[in-house]
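K.L.:
predicted model and sequence follow; I will ask about them next.
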Amino acid sequence: MDREKNQSEQNQMAISRSDLPKPSVMALIDKSPIASVVSNPRLPDNPIVAVNDAFQALTGYDRDFIIGRNCRFLAGKATEPWLTEEIRRGVRQQKSVLVEILNYKKDGTPFQNAVLVAPLFDEEGELEYFLGSQVEIDGDSASLAKPRRMRAVAIVKDLSKRQREVLQFIAKGLLNKQIAHELGLSERTIKMHRSILMKRLNVPSAADMVRLAVEAGM
Ligand SMILES: Cc1cc2nc3c(=O)[nH]c(=O)nc-3n(C[C@H](O)[C@H](O)[C@H](O)COP(=O)(O)O)c2cc1C
């Protein structure tokens, strides 16, 4: 662990002001009560460029340590390599993944982390960021994440077909402009759907909306 930590300390990248995400991306996670980070895959080693308070509270690491570092510092001795590979595959293929993996807090305490990693695309449809959101699952049984998934499925089931379609694209990391293009609707209409969805799903931030959609299996 110590050796890995030292290694990862050496790997922290100095993030310049221009590397920091736009306010709209900060806003994506700022209001979320769920631990969340945003990483920039256009920089070497996909470092974290934004982190919210809930992530610092969950992991015990502070912002200065986190920014500029790849999220692998949460992994440790008993982290399941096949689950890490699943995250790596999602990142490579630019697809959302939801994995329950063993991670470690700063003080060494292991915890079961139901982590979501989802791509976020820019206006041109090019990969721009990854959203990461981490939920601690109490106890050592992964099945405890089940109630979250069941709740998500129930909520999504109640939506209209159109709302579900829009949500599906949101979960894939698409912006309003691209969703409008995909569905042959105006950007204004998508914007309206997005704000109705936020209310219907009762989520405080777009990051939580993506998470709920992926938890529902979208
Ligand atoms: C946005 C984002 C969030 C991530 N969050 C976690 C996490 O919470 N826990 C974890 O074990 N890996 C997480 N990862 C994966 C690690 O950053 C890293 O890719 C993985 O541990 C593989 O490390 P390696 O490149 O050294 O093989 C995340 C990746 C991204 C892009």
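P.N.:
Happy to help now that I have it.
K.L.:
could you chop this protein up by domain?
P.N.:
2-143, 147-215 (automatic domain parsing).
K.L.:
can you find the helix or strand in this protein with the smallest mean pLDDT?
P.N.:
helix 2-10 (a mean of 48; mean pLDDT, DSSP states H and E).
K.L.:
tell me the helix or strand right after that helix.
P.N.:
Per DSSP states H and E, the first helix or strand lying C-terminal to helix 2-10 is helix 23-30.
K.L.:
packing partners of that following helix?
P.N.:
Secondary-structure packing of helix 23-30 (3 or more C-beta pairs under 8 Å, 6 or more residues apart in numbering; DSSP states H and E): strand 35-39, strand 48-51, strand 127-137, helix 206-215. Where C-beta positions appear, they are placed from N, C-alpha and C, glycine not excepted.
K.L.:
let's have these in JSON lines, adding mean pLDDT.
P.N.:
Below are those laid out as JSON lines (pLDDT from 0 to 100):
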{"stretch": "strand 35-39", "mean pLDDT": "96"}
{"stretch": "strand 48-51", "mean pLDDT": "95"}
{"stretch": "strand 127-137", "mean pLDDT": "94"}
{"stretch": "helix 206-215", "mean pLDDT": "92"}
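K.L.:
in CSV: the domains of the chain, plus mean neighbour count.
P.N.:
Formatted as CSV, these follow (neighbours: other C-beta atoms under 10 Å):
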stretch, mean neighbour count
domain 2-143, 16
domain 147-215, 17
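K.L.:
could you dump these into a markdown table with distance to the ligand added?
P.N.:
Listed next are the domains of the chain as a markdown table, based on distance: least, C-beta to the nearest ligand atom, whole Å:
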| stretch | distance to the ligand |
| --- | --- |
| domain 2-143 | 3 |
| domain 147-215 | 11 |
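K.L.:
which stretch in the ones you listed is the model least sure about?
P.N.:
Among the domains of the chain, domain 2-143 carries the lowest mean pLDDT, a mean of 88.
K.L.:
now the top helix by length along the chain - C-alpha only, PDB.
P.N.:
In the chain, with assignment by DSSP state H, the single longest helix is helix 187-201. The C-alpha trace of helix 187-201 is given here as PDB (Å, rounded to 0.1, in the frame of the first residue of the first chain):
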ATOM      1  CA  GLU A 187     -32.900  21.700 -28.000                       C
ATOM      2  CA  ARG A 188     -35.500  23.800 -26.100                       C
ATOM      3  CA  THR A 189     -37.800  20.700 -25.800                       C
ATOM      4  CA  ILE A 190     -34.900  18.600 -24.500                       C
ATOM      5  CA  LYS A 191     -34.100  21.300 -22.000                       C
ATOM      6  CA  MET A 192     -37.700  21.300 -20.800                       C
ATOM      7  CA  HIS A 193     -37.700  17.400 -20.500                       C
ATOM      8  CA  ARG A 194     -34.400  17.700 -18.500                       C
ATOM      9  CA  SER A 195     -35.900  20.000 -16.000                       C
ATOM     10  CA  ILE A 196     -39.100  18.000 -15.700                       C
ATOM     11  CA  LEU A 197     -37.000  14.900 -15.200                       C
ATOM     12  CA  MET A 198     -35.000  16.500 -12.400                       C
ATOM     13  CA  LYS A 199     -38.200  17.300 -10.600                       C
ATOM     14  CA  ARG A 200     -39.900  13.900 -11.200                       C
ATOM     15  CA  LEU A 201     -36.800  12.000 -10.200                       C
END
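K.L.:
thank you, goodbye.
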